[in-house]
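**Student:** Only the shape, not the letters, is given here:
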């Protein structure tokens, strides 16, 4: 947490491999690890949920969750049945029951955020960086987000929570 210019966004970008640190090191399970790019971050299990979502509006929830990592059948074609089954499983981890064939553009902000989190979890995220996740959420939606955060913590997912709101950080 901190005011503008405190380094919150810089830290987030170093963790996801977008920036290289000027000094210091990233320790992962007691070992210094290089995070040179997004692929290095993903390999470590680091995922970032940015304020601006990276969802494709005209694709389905399932397609967005596995975009660029679609499961293939034995003929090398996208296995849509498996894609939607696996997407449903990711949403179930977040206690969400959404039709994975539904286009993302029809979802509200809170549901889109949950799709982003499901997308991160589908990449075996073990560290989830949340950049001001309650911006744009109503109180009820914020409460639901904190329920999801608590569930993820119980599942062993670590989180870096970036916010200007002190009460959220302590929560």
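**Tutor:** All right, it came through fine. The structure displayed is predicted, hence computed values, not measured ones.

**Student:** how far is stretch 77-93 from where the chain is centred?
**Tutor:** 17 Å (Cα atoms, centre = their mean, to the nearest Å).

**Student:** by contact count, what packs against the helix of greatest length in the chain?
**Tutor:** If you go by DSSP state H, the chain has its longest helix at helix 139-154. Packing contacts for helix 139-154, counted by 3 or more Cβ pairs under 8 Å, 6 or more residues apart in numbering; DSSP states H and E, involve helix 109-122, strand 158-162. The C-beta positions use only the backbone N, C-alpha and C, and glycine is treated the same way.

**Student:** Mean pLDDT, mean neighbour count and distance to residue 151 added to those, as TSV?
**Tutor:** Formatted as TSV, the helices and strands packed on helix 139-154 follow (pLDDT from 0 to 100; neighbours: other Cβ atoms under 10 Å; distance: least, Cβ to Cβ, whole Å):
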stretch	mean pLDDT	mean neighbour count	distance to residue 151
helix 109-122	88	22	10
strand 158-162	90	16	11
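
**Student:** and the residue of the chain positioned farthest from its centre, which of the three is it?
**Tutor:** Of all residues in the chain, residue 75 has its C-alpha farthest from the mean position, at 30.6 Å, by Cα atoms, centre = their mean. Of the three states, residue 75 takes coil under DSSP: H, G, I helix; E, B strand; the rest coil.

**Student:** got the contact list for residue 129?
**Tutor:** Residue 129 is in contact with 12, 15, 16, 46, 47, 48, 49, 159, 160, 162, counting by Cβ atoms under 8 Å, 6 or more residues apart in numbering.

**Student:** quick one: which of the residues you listed sit in helices?
**Tutor:** Taking DSSP H as the definition of helices, the contacts of residue 129 contribute 12, 15.

**Student:** List just the nearest of the contacts of residue 129 to residue 108.
**Tutor:** The shortest approach to residue 108 among those belongs to residue 49, at 15.9 Å (Cβ to Cβ).

**Student:** so what's the closest one up against?
**Tutor:** Contacts of residue 49 were listed using Cβ under 8 Å, 6+ apart, and they are 113, 116, 117, 120, 128, 129, 130, 131, 133.

**Student:** Would you check which pair of those residues lies furthest apart?
**Tutor:** Taking Cβ to Cβ as the measure, these span a maximum distance of 13.5 Å, between 113 and 129.
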